[in-house]
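**Student:** give me a model of this one.
(chains A and B)
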Amino acid sequence: MSHKRPEGTDDILPDQIPLWLRFEQIARGVFGRYGYLEVRPPLFEHTRLFLKTSGDTTDVVEKQMFTVPSRSEGEDSYTFRPELTPGVIRALIENGLFHKRPLWKVFYIGPMFRYEKPQKGRTRQFHQFGVEAVGSKEPLLDVETMAVLADVLREVGVKEFALQVNTLGCPDCREAYRGRVRQAMGERLLEYCESCRRRFERNVLRVFDCKVETCARLAESLPAIADFVCADCRAHFEKVLEGLRDAGLEYVINKRIVRGLDYYSRTVYEFTSTALGAQNALGGGGRYDSLVGGMGGPDVGAVGFAAGVERVLMAAKGVEAPAARPDFFVIAAGEEARRAVFRIAQQLRAAGLAGDLDYESRSVKAQMRRANDLRALYAVIVGPEELAKQQAKIKNMDDGVERVVALAEVAGLIGRARE
RNA sequence: GUGCCCGUAGCUCAGCUGGAUAGAGCACCUGGUUGUGGCCCAGGACGUCGCGGGUUCGAAUCCCGUCGGGCACCCCA
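**Tutor:** Residues are numbered from 1 along each chain as shown, chains lettered A, B, ... in the order given. Sure, this is the predicted structure:
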């Protein structure tokens, strides 16, 4: 075995494709019903786009980026997208779309790249689908994005999933909250590790990122930001919860949800499943009201989610997607017919039918087996006798019934039977 | 980046405490009709036992190294 796929990548082989197509069809159907339009930004962007938007101390940016140097001197390197929100917003701004409409509801499906140690539900190339509603601060849109994801999950066949929501407040809230954390942390400061005591001085909130076990445990007892958000943010969150109830979406408030990216504000949420093992997040999202303006666009609010296609497919295990059946398989009986079968297949294809033939000179029995393996609707058998009379024998592979018909009628007969 | 587990045919695996030509099921190919599938039957092809080194009369089996994979921590999709 000389060549192997890179660590953390998967080959999606033909037998898996029907499942993926089914998923994409369902997802596109839901997005379409809610009025979300597809966008396809590039697979890679300038590295600085992610540095400035996702947050330069987040895990994603610190250690998970697939970065390639530019070939031109002095130019920024490129990075394969670890997520697509920055790319989508960049595309909306760069192409001047906000001059056309104030609100853009868009969706995407495609591969993302993160340099991580692979495990169940986590690979270096994976696929996400997501939506972004850009141009409004209305809480109803927070609810709508959650409803979209819930609809996709339900329709795809994910039986058990849970929705957890939280609010992170706005930058002002965070300033006030910072004070509360400092106060609480100060009471037991000596129990924290050295670097956390440094964080206490410079940037208290980073204490929540500390990997030291004792610090992590201490941090659990610190106040949650959701309890200290300002009146406006509180009102926004209440409206979101109210909207979720109106929409019939069950949820639980989880004050520990913070999300792994820096741009979130106010609403954040996660959909989890019990069917996945350690990586139990199906998808997550939230509001990011300062990102668009911060990137040079209009000062408008935005909200969206991203979810993992592989994880959703895993959580929907047991769902079958049958492969499409070919309409015909042309079989040559005897050497003389060999030249004719390709021509006949071409005629049937030209008539809009899908089908194949055996390219090797094999026995009729072997060709029938192939027709059966491919689950062809009809075997079209031609030998010397049929050819002499410009006929073909067509056999319905489901009931075994055979008919001899004129070659010219084969396409029509099979086409009608297919309906 | 850290820890645990695993590498035998295309796939799933068996191969006992080291012993002679490394096996099974599925899949594949051929045949059982002079031109016919699914089930069944017969036969066939397919393996540097991940790789390298060591111990031994003898290694798929024991030891070391290495590469690859899986899972978990962390984080998240």
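
**Student:** tell me which helix or strand of chain A sits lowest on mean pLDDT?
**Tutor:** helix A:59-63 (a mean of 66; mean pLDDT, DSSP states H and E).

**Student:** after it comes which helix or strand?
**Tutor:** Following helix A:59-63 in sequence order, the next helix or strand is strand A:66-68 (DSSP states H and E).

**Student:** contacts for that next one?
**Tutor:** The contact list for strand A:66-68, computed with CB atoms under 8 Å, 6 or more residues apart in numbering, reads A:Phe44, A:Thr47, A:Ser77, A:Tyr78, A:Thr79, A:Phe80, A:Pro82, A:Phe113, A:Arg114, A:Tyr115, A:Arg124. No exception for glycine: its C-beta is placed from N, CA and C like everyone else's.

**Student:** quick one: buried residues of it?
**Tutor:** By neighbour count on 16 or more other CB atoms under 10 Å, the buried set for strand A:66-68 is A:Phe66.

**Student:** stretch A:386-402 now?
**Tutor:** By 16+ other CB under 10 Å, the buried positions in stretch A:386-402 come out as A:Glu386, A:Leu387, A:Gln391, A:Ala392, A:Lys393, A:Ile394, A:Lys395, A:Met397.

**Student:** between the residues you listed, which is nearest A:Ala337?
**Tutor:** A:Ala337 has its nearest neighbour among those in A:Leu387, at 6.1 Å by CB to CB.

**Student:** where does the closest one land in three-state SS?
**Tutor:** Look at A:Leu387: counting by DSSP: H, G, I helix; E, B strand; the rest coil, its state is helix.

**Student:** residues contacting it?
**Tutor:** A:Leu387 makes contact with A:Glu336, A:Ala337, A:Ala340, according to CB under 8 Å, 6+ apart.

**Student:** same deal with A:Gln125?
**Tutor:** A:Gly8, A:Thr9, A:Asp10, A:Pro111, A:Met112, A:Phe113.

**Student:** just A:Val158 next, same as before
**Tutor:** With contact taken as CB under 8 Å, 6+ apart, A:Val158 is in contact with A:Ser273, A:Ala275, A:Leu282, A:Val312, A:Ala315, A:Ala316.

**Student:** for my notes, confirm it occurs in a helix.
**Tutor:** No: according to three-state DSSP, A:Val158 belongs to no helix; its state is coil.

**Student:** what pLDDT does it get?
**Tutor:** In this model, A:Val158 is scored at 93, pLDDT.

**Student:** could you do A:Gly55 as well?
**Tutor:** 68.

**Student:** and for the spatially closest residue to A:Val252 that is not a sequence neighbour, the neighbour number?
**Tutor:** Nearest in space to A:Val252, with sequence neighbours left out and distances taken as CB to CB, 6 or more residues apart in numbering, is A:Gln164 at 5.5 Å. A:Gln164 has 18 neighbours, counted by other CB atoms under 10 Å.

**Student:** cool, A:Arg343 as well?
**Tutor:** What A:Arg343 shows, counting by other CB under 10 Å, is a neighbour count of 11.

**Student:** got the contact list for the one helix or strand it maps to?
**Tutor:** A:Arg343 is part of helix A:338-350 when elements are defined by DSSP H and E. Residues from elsewhere that reach helix A:338-350 (CB under 8 Å, 6+ apart): A:327-328, A:330-332, A:355-357, A:361, A:380, A:382, A:387, A:392, A:407, A:410-411, A:414.

**Student:** also stretch A:85-92?
**Tutor:** Contacts with stretch A:85-92, where a contact means CB under 8 Å, 6+ apart, come from A:39, A:41-42, A:45, A:49-50, A:53-54, A:81, A:98, A:104, A:106, A:108, A:130, A:132, A:134, A:261, A:263, A:288, A:291-292, A:295, A:297, A:302, A:304, A:306.
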